[in-house]
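Below is the sequence, then the predicted model.
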Amino acid sequence: MPDVALQQELRIIGFLCNWCSYGGADTAGVSRFKQPTDLRIIRVPCSGRVDPLFVVKALLNGADGVLVSGCHPRDCHYSDGNFYARRRLEMLKRLLPFLGIDDRRFHYTWVSASEGARWQETVTNFTKRLHELGPLQLKKEVSS
Amino acid sequence: MRVGVFICHCGNNIAGTVDVAKVAEETRKIPGVAYATTYMYTCSEPGQEEIKEAIKREKLDRIVVAACSPRMHELTFRRTIEKAGLNRYFFEMANIREHVSWIGENRELNTKKAIEAVRMAVAKVMQNKPLYSSSFKINKRVLVIGGGVAGMQAALDCADGGLEVVLVEKSPSVGGMMARLDKTFPTVDCSICILGPKMVDVAQHEKIKLYAFSEIEDIKGYVGNYQIKIKKKATYVDWSKCTGCGACMEKCPSKNAYDAFNFGVAPTRAINIPFPQAIPKKAKIDPKYCRQFTKGKCGVCAKICPTKAINYEMVDEIVTEEVGAIIVATGYSLIDMEKLPEYGGGKYPDVISGIQYERLLNASGPTAGHIVRPSDHEEPKTIVFVSCAGSRDKSIGIPYCSNFCCMYIAKQAILTKDHIPDSQSYVFYMDIRSPGKGYDEFTRRAQEEYGVHYIRGRVSRIYPKGKKMVVRGADTLLGTQVEIEADLVVLGTAVVANSDAAHMAEKLHISYDTSGFYVESHPKLRPVETNTSGVFLAGACQGPKDIPASVGQGSAAASKVQALFSKDMLESDPAIARVNINTCVGCLKCVSTCPFQAIKDKELKDGRVVADVIETVCAGCGVCTSTCPCGAIQLQHFTDNQLLAEVNALCQM
Amino acid sequence: MSIEALKETIGKVLKDVDVVIAYKEGFDALHSTPHFITSPEQIDKMIWNPLCVHNLTTYLPSMKNKKVGVVVKGCDSRTIIQFIQEGLIERGKVVVIGIPCKGVISVAKVLKAIDHKPIENISFSDNGDITITSEGEKKVLSLNDVSPDKCTTCQYPTPLIYDHLIGEEIKTEKPAESVYGDIREFEKLSLEERLKYWQGEFDRCIRCYACRNACPMCVCQDSCIAETRDPHWISQRLNLTEKFMFHMIHALHLAGRCVECGECERVCPMGIPVNKLKRKINLDMKELFDYEPGVKLDEKPPMFVFNVEEAKIKEHKI
């Protein structure tokens, strides 16, 4: 991580469901699991609330990467929300490269409230991957 | 709009790695922010006073607190600003502790991140709308799932407090695991003698409606108003006529039925009453073994029954009950011994589980309390107990301690000596875990008074040698291999979640951990609550627990229900979906994706059809909002515009 | 198929419905236009030939209160099935008059073939020849050369749902793999090339919303979020970010719903390949969920349902 921190920070936006993944990120914090600092977190009630358009909006407007995390399948607080999320986000993940956007810039996963270590690993690896890819800067290109 | 921002030091928790003064300074530059300050402990009473005073003094109308996780203190601060006259939804928290100061090592980057977190929260709060709860009636009946000791305690406490209770037990009798035990540690008093009266109370309590041999089919609704579908499984005996005389069981010609109550220690009849103290004391037919079902003819029980209660045509019946809260006390199972092949579990008859041994010890058990080897019915003289048989073993996916095996093994070793004075017991253990009141004294008594030989080490293999079972293991204190030729081996098998625990959790919309145990709301401060309002936990379904802990949780869950029911009306969460009937085009895609069937179609006066949210059913997930193409249905407090404000705030930085 | 048989059927259907939607001649020889028939004397004005390009089913959801007869080609019929899958129309309120179709023209391709000269007359022969009289000169084109892309890979020349079928069923001889050949070809480009392509295409967008207005599956009508402030997904600025976002909204709202009628592309004044993104998503829907929009009545669009175990969705690792 120190090598990541030395570079220019990237703009990474995470949409986390309140019940599992936001709690998992809290658990990682309580456990003092160190993570790179690039990620900014938006709390949503459920991964099923995440319209794929939010991801597109973020990428088109300057985000370098977007992460969506919800409860594990079958473990959704709202029972089915993440099942819808999984279909929608998979659809988006396949569409992004068609537009010329590397799909590695978008990741969706499942982290429960008890999985602080899994959250740390997810953030660390995703941030590292984005630093390997570098900035996306779609906004600059797109609005020029 | 005048936003006030309060940045918490949290002692050194935040201020240690975040420059809070800099955060406040940058915050003041954000358009809309009228006031920003830092405070040592914002959540403290003076901290909250400070917020209230600032709201009045600075005429603030929206508040942001940058501190810990909203999962920790959102409710605290919502109440604070409400006391100062603001709508509680004019509030946002920026999590700069769990998500910033505790995980980032670079102070400069942490400070930048904290500033941006505040900026996002300000952007969101400026989009917030006042929301108001509505209140709805509570159905003051409670469902208890599981009639073991935890469930019975919960049911009795609720009923004694005047609540109507629906108790659903999947086996033919209440009593659960405790009803199978011979004695209980550390008092060595008779288990059924202390449990029996409770079981009778359950049966006789006018406020308790017992559904034995029944399962939960479906759960609909929400806190205060649940509709429960209960499946009464076919017993083939009309329980309204059955007197429990047992004549059928005596005459039944099918004598090799599996006896679930005795964990298969001995067979039972195809028609049986599980045990003498069963509540309800009614017979049921196991169609897997009954000749009327397997061969198509027999009818002995129907002929013998004095009240003509036998009905081979009986089918499962579904009944519906309405309740306002649910206590889950579904208990635990034990690991299948066949999953422990190195111990010969399931392969050698003289290797048995602790609960099977318990039935051998029990005076009303299949051997009338005489300890005999299952293979040849001879009395064993050398008995080896193996603790942690499956527990604390990552290789089979059970990393946890099963909590009570150390104690019951000590108890069983003591009882063995009482039953067979010239016997010698050995216990292989990893650690002796006896932290309860009187527990450590008890395990010492086993060793010092009863001469039980404790060997610290794991058993590597158990294999037969003539009539004996050789138990090979390590004695880590002596640093040597030991081999004991035993007449009988008792495994302290690991506690596992019920095989249908996950399925039940899905019906209840509650979480379960990787082992299948249900997850409480907070491991320390909310041990019997779940994250689903109105659903409470009691007993070992939450994790391995002994009797006193299970009883304690049963009472705790009951008191939580009493507190919930102490009001006549419940406040609804206003953060639910709302339809803009002007922009809704009536495509009704939201109706099909709503996980709660909380959206219906409604015809307006002009004939247009639009979506309509049933306020009390909507749980606030927002799946509808991300389904709606025209943005007409918006989850309040998490609207498109509110989330877009956060995205835009981040992208503009 | 004879036009007389079609007219006769429409005459019969008209007795039972409020309106029959068919085609009539448009403002010039190259264009047809929708014909709303409410009385028998209007029937004679209708036409049927390769100029009948419109997907007339577009009108159905907004005519929910009426009983409607509608003339459909094979491709158009998928829209009806999709409407029924989504509960947007009632089967009992629509009388479908299906016509097996050998292909229609692309107005843009014809105009290109005759250098955008004014057309006096156009006629069609059974062998697929098109004879065009322009500035006194006759020119013969082959229908195959001037039909839209959707016709060249058409899998459903005969309507998949109908109450009356006019003429003989036609079976496609076009290989199924050809349908998404262009999509697979495009995916051979590098990421940079693809991004550049879309930036170039979307930059030409003038946000006239013709594609959206012509799309039968765009249910939002006046509530389209491209123009609302609540929610406020995009501004009215005419920069590439907002144009790009508009096309993403259109594509994602059509995910797993687009019946590939091609109306969006047909009406685009800037010639932007608007249908391409939706067809890419359709290809994925086929692979992921074995779903093809508008083909089977008893299916549900994949974005509104789920399986607890998704056989084709693998967990992504970083």
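Sure, I can see it. Numbers count the residues shown, from 1 in each chain, chains lettered A, B, ... in the order given.

close enough to count as contact, B:A538 and B:L156?
No. If you go by C-beta atoms under 8 Å, B:A538 and B:L156 don't touch, sitting 11.9 Å apart. (C-beta placed from N, C-alpha, C; glycine too.)

Give me the distance from the helix or strand harbouring B:V125 to the chain's centre.
Per DSSP states H and E: B:V125 is located in helix B:107-127. When distances are taken as C-alpha atoms, centre = their mean, to the nearest Å, helix B:107-127 is centred 37 Å away from the chain's centroid.

got the contact list for the helix or strand following that helix?
Next in sequence after helix B:107-127, counting helices and strands by DSSP H and E, comes strand B:135-137. With C-beta atoms under 8 Å, 6 or more residues apart in numbering or on different chains as the test, strand B:135-137 has contacts from B:224-225, B:568-572, B:616.

neighbours around B:V100, how many?
27 (other C-beta atoms under 10 Å in any protein chain shown).

A helix includes it, no?
Yes. Counting by DSSP: H, G, I helix; E, B strand; the rest coil, B:V100 falls inside a helix.

residue contacts, it?
Contacts of B:V100 (C-beta under 8 Å, 6+ apart): A:37, B:14, B:17-18, B:110, B:113-114, B:117.

Which one of B:A538 and B:L156 is surrounded by more residues?
Comparing B:A538 with B:L156 by other C-beta under 10 Å, the one with more neighbours is B:A538, at 36 against 22.

Which of the contacts of strand B:135-137 fall within strands?
Using DSSP state E, the subset of the contacts of strand B:135-137 located in strands is B:225, B:569-571.

Tell me where the chain has helices.
Chain wasn't specified; assuming chain A. Assigned by DSSP state H, the helices in chain A fall at A:2-6, A:21-30, A:52-60, A:81-99, A:116-133, A:138-143.

my question was about chain C
Under DSSP H, chain C gives helices at C:3-14, C:74-85, C:107-113, C:143-146, C:149-152, C:181-186, C:191-203, C:210-214, C:240-253, C:263-267, C:275-289.

Figure out which of those helices is closest to B:E322.
Across the helices of chain C, B:E322 has its closest neighbour in helix C:74-85 (35.7 Å, C-beta to C-beta).

Not counting the closest one itself, show me its contacts.
C:55-58, C:60-61, C:70, C:72, C:89, C:91, C:94, C:96, C:98, C:100-101, C:150, C:154, C:156-162, C:170, C:216-217, C:257, C:259-262, C:293-297, C:299-301.

hmm, try it at 7 Å
C:55-57, C:60-61, C:72, C:89, C:91, C:94, C:96, C:98, C:100-101, C:150, C:154, C:156-162, C:216-217, C:257, C:259, C:261, C:293-295, C:297, C:299-301 (C-beta atoms under 7 Å, 6 or more residues apart in numbering or on different chains).

same thing with stretch B:577-594?
A:84, B:599-601, B:604, B:608-613, B:618, B:623-625, B:627-628, B:630, B:632-636, C:86-88, C:219-221, C:223, C:304.

Which of the contacts of helix C:74-85 are buried, as a ChimeraX select command?
A single ChimeraX command selects the buried members of these (16 or more other C-beta atoms under 10 Å in any protein chain shown):
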select /C:55,56,57,60,61,72,89,94,96,98,100,101,150,154,156,157,158,159,160,161,162,216,217,257,259,261,293,294,295,299,301
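
So which of the contacts of helix C:74-85 sit within strands?
Per DSSP E, the subset of these in strands is C:72, C:94, C:96, C:98.

tell me the two of those that are most distant?
C:V94 and C:G98 (11.7 Å).

Next, count neighbours for whichever residue of the stretch 151-300 of chain C sits closest to chain A.
Residue nearest to chain A within the stretch 151-300 of chain C: C:L195 (2.6 Å; C-beta to the nearest C-beta). Using other C-beta under 10 Å, C:L195 has 19 neighbouring residues.

Ignoring the adjacent residues along the chain, who's closest to it?
A:G100 (2.6 Å; C-beta to C-beta, 6 or more residues apart in numbering or on different chains).

isn't that neighbour right up against C:Q199?
No. If you go by C-beta atoms under 7 Å, A:G100 and C:Q199 don't touch, sitting 8.1 Å apart.

circling back to that earlier point, take the contacts of B:V100 and write them to a markdown table, including distance to B:C388, pLDDT and neighbour count.
As requested, these are exported to a markdown table (distance: C-beta to C-beta, whole Å; pLDDT from 0 to 100; neighbours: other C-beta atoms under 10 Å in any protein chain shown):
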| residue | distance to B:C388 | pLDDT | neighbour count |
| --- | --- | --- | --- |
| A:T37 | 43 | 97 | 26 |
| B:I14 | 43 | 98 | 25 |
| B:T17 | 42 | 97 | 21 |
| B:V18 | 45 | 98 | 30 |
| B:N110 | 44 | 97 | 23 |
| B:K113 | 45 | 97 | 25 |
| B:A114 | 46 | 98 | 30 |
| B:A117 | 46 | 98 | 24 |
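
Skipping its backbone neighbours, what lies nearest residue 123 in space?
No chain was given, so I picked chain A. Spatial nearest neighbour of A:V123, chain neighbours left out: A:Q35 (4.6 Å); criterion: C-beta to C-beta, 6+ apart.

sorry, should have said chain C
The spatial neighbour of C:S123 that comes closest, neighbours along the chain excluded (C-beta to C-beta, 6+ apart), is C:T131 at 4.9 Å.

hang on, B:D259 is in a helix, isn't it?
No. B:D259: not assigned to a helix; according to three-state DSSP it is coil.

next one: phi and psi at it?
phi -100, psi 100 (degrees, to the nearest 10).

Need phi/psi at the nearest residue to it once chain neighbours are set aside.
Leaving aside its sequence neighbours, B:D259 sits nearest to B:T268 (C-beta to C-beta, 6+ apart; 3.9 Å). Torsion angles at B:T268 (phi, psi; degrees, to the nearest 10) stand at phi -130, psi -170.

and B:T268, what are its bridge partners?
B:A257 (DSSP bridges).

count of residues packed around the residue in the stretch 451-600 of chain B that chain A sits nearest to?
In the stretch 451-600 of chain B, the residue that lies nearest chain A is B:P595 (3.9 Å; C-beta to the nearest C-beta). B:P595 has 19 neighbouring residues, counting by other C-beta under 10 Å.

repeat for B:Q542
So B:Q542, with other C-beta under 10 Å, has 26 neighbours.

burial count for A:F98?
Neighbours of A:F98 (other C-beta under 10 Å): 22.

swap in the one 5 residues further on?
The local packing of A:D103 (other C-beta under 10 Å) involves 16 other residues.

Next up, the contacts around it.
Contacts of A:D103 (C-beta under 7 Å, 6+ apart): A:93, A:96-97.

For the buried ones among these, write the corresponding PyMOL selection.
In PyMOL, this line selects whichever of those come out buried by 16+ other C-beta under 10 Å:
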select buried, chain A and resi 93+96+97
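
what's the closest of the contacts of A:D103 to C:L277?
For the contacts of A:D103, the minimum distance to C:L277 (C-beta to C-beta) is 11.1 Å, reached by A:L96.

Name the nearest residue to the closest one, sequence neighbours excluded.
A:D103 (4.6 Å).

so which of the helices of chain A comes closest to B:S44?
helix A:21-30 (19.8 Å).

now what about that closest one, what contacts it?
Contacts of helix A:21-30 (C-beta under 7 Å, 6+ apart): A:16, A:35, A:41, A:43, A:69-70, A:111-116, A:118-120, B:69, B:71, B:97-99, B:102-103.

Next: stretch B:253-273.
B:180, B:244, B:246, B:248-249, B:252, B:274-275, B:281-283, B:285-286, B:289-291, B:298, B:300-301, B:353, B:355-356, B:359-360, B:365-366.

Tell me the one of the contacts of A:D103 nearest chain C?
The closest of the contacts of A:D103, once distances to chain C are taken by C-beta to the nearest C-beta, is A:P97, at 6.4 Å.

most centrally placed residue in chain A?
With distances taken as C-alpha atoms, centre = their mean, A:L67 lies nearest the centre of chain A, 0.9 Å away.
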